[in-house]
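Asker: Got a predicted structure plus its sequence, pasted below:
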Amino acid sequence: MKKYYELYREMKNKILSGDYRCGEKLPSKRIMADKWGCSLITVQRAYDMLEDEGYLQAEERRGYYVSMADVMAPITTQANTLQYLPEPHDGSGQDFEYSVWFKTVRKVISERGEQLFLKAPNQGCAVLRNAIADYLHRYRGMLAQPKNIIIGSGAEQLYETVVQILGRERIYGIEDPSYAQIRSVYLGMGAQLCPLKMGADGIETQALQNQKFDVLHVTPFHSYPSGVTTSISKRCEYLKWAEQTENYIVEDDFDSEFFIPGHPIESLYALDSAQRVIYVNTFSKSLSPSMRIGYMILPDRLLAKYEEALGHFSCSVPVMDQYILAEFIANGSFERHLNRMRRKIIKKD
């Protein structure tokens with residue numbers, strides 16, 4: 001620690017503790033320099049800092065005087081001691097191929113250069129939206145135009161975006177039971193909720209028909225905590241409800257990349273012909289919980305509403321993270337990672 005800063009802290013503590021009272025004159029710079037074994041310049045810097053912060057007032061030819069009107073409680077040693085937090089490691093990311101990811105990081109930094117320091121469009125960088133659209137079409141059989149894809153920092157933020165687009169005055173129907181964060185986010189945004197009883201194949205038909213709600217939030221693949229995956233007939237029932245009522249479905253496709261075995265179960269978004277499905281997914285389960293990147297796909301009819309409600313906000317995901325993930329998807333590393341993870345899951349079963 002620099003000598004002038006040590007002196008500054010010492011004098012500041014004495015003023016706060018009342019050792020030097022308001023209006024009292026401080027020792028001269030020469031006396032203080034002799035006491036501390038330092039130069040006059042060092043003392044001058046310490047006194048200047050105290051004066052800048054309002055602890056002292058300099059009077060020409062007279063010296064420095066304490067200018068604080070109120071005496072605060074003494075600063076104890078404990079208050080100046082950092083209590084570091086433990087850094088546990090639970091090994092939850094042990095299945096991730098870090099070397100492939102870091103290789104991708106180096107490639108992006110080397111090739112993209114100044115692009116990584118440009119501000120991202122509010123919907124997210126084109127390179128990532130293009131990569132996601134290509135991946136969904138190639139791997140999931142979903143045709144989603146990049147212009148309809150919105151990048152966000154995880155599922156919770158995207159749930160909030162849904163409410164900001166569709167409105168807080170709507171009633172949101174959610175699965176009962178459902179993932180606790182879904183309920184928390186909607187309530188936190190001031191929206192009303194309507195719990196819909198789950199059966200063996202999804203939301204029970206009677207609850208779907210009889211309850212009054214405007215937006216249906218469902219997790220068709222492996223709903224948590226029930227573990228239910230809806231059949232094609234139940235999915236068609238959801239879509240029929242949306243088309244008949246002219247309302248929207250939020251398809252929360254969390255965990256869907258780990259379908260076992262065979263081809264992926266067709267999403268509501270892929271089955272929707274009436275543009276009534278808002279698709280939401282993240283990379284927190286497929287890659288890592290620390291990967292705070294998600295995306296939503298909006299129907300054409302909602303793009304104008306999105307721009308009106310959120311078009312003036314910046315994308316919350318760092319540009320570099322978007323470029324790295326885009327490269328990871330585009331070069332096939334993401335799909336190879338998913339295939340490897342599914343093989344491990346099959347072996348465990």
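Answerer: Structure received. Note that this is a predicted model, so its numbers are computed, not measured.
Asker: Please enumerate the helices of the protein.
Answerer: Secondary structure of the chain, counting by DSSP state H: helices at 3-17, 29-36, 40-52, 98-112, 126-135, 155-166, 180-188, 205-210, 232-245, 268-271, 300-310, 319-330, 333-348.
Asker: can you tell which of those helices is closest to V280?
Answerer: helix 155-166 (5.1 Å; CB to CB). For glycine as for every other residue, the C-beta is placed from the backbone atoms N, C-alpha and C.
Asker: Flag every buried residue along that closest one.
Answerer: A155, E156, Q157, L158, Y159, E160, T161, V162, V163, Q164, I165, L166 (16 or more other CB atoms under 10 Å).
Asker: Where is the longest strand in this protein?
Answerer: Ranked by residue count, the top strand of the chain under DSSP state E comes out as strand 192-199.
Asker: what residues does that strand touch?
Answerer: 170-178, 183, 186-187, 203-204, 207-208, 211-213, 216, 223, 226, 228 (CB atoms under 8 Å, 6 or more residues apart in numbering).
Asker: hmm, 6 Å instead?
Answerer: Applying CB atoms under 6 Å, 6 or more residues apart in numbering, the external contacts of strand 192-199 come out as 171-176, 186, 203-204, 207, 211, 213, 226.
Asker: Pick out the most distant pair among those residues.
Answerer: Maximum pairwise distance in those, criterion CB to CB, is 21.8 Å, between I171 and S226.
Asker: what residue ranges in the stretch 201-349 of the chain score low on pLDDT?
Answerer: Scanning the stretch 201-349 of the chain for pLDDT under 70 picks out 255-264, 345-349.
Asker: residues in contact with stretch 303-319?
Answerer: By CB under 6 Å, 6+ apart, the surrounding residues in contact with stretch 303-319 are L116, A120, N122, G124, I151, S153, Q164, I165, I293, L298.
Asker: tally of neighbours for the fifth one?
Answerer: I151 is flanked by 24 other residues according to other CB atoms under 10 Å.
Asker: From N130, how far off is the spatially closest residue to it that is not a sequence neighbour?
Answerer: Excluding its sequence neighbours, the residue lying closest to I151 (CB to CB, 6 or more residues apart in numbering) is G124, at 2.7 Å. Distance, G124 to N130, by CB to CB, to the nearest Å: 10 Å.
Asker: What of D201?
Answerer: With CB to CB as the criterion, D201 and N130 are 36 Å apart.
Asker: Check L325 too.
Answerer: L325 sits 12 Å away from N130, going by CB to CB.
Asker: do the same with R343
Answerer: In terms of CB to CB, R343 sits 28 Å off from N130.
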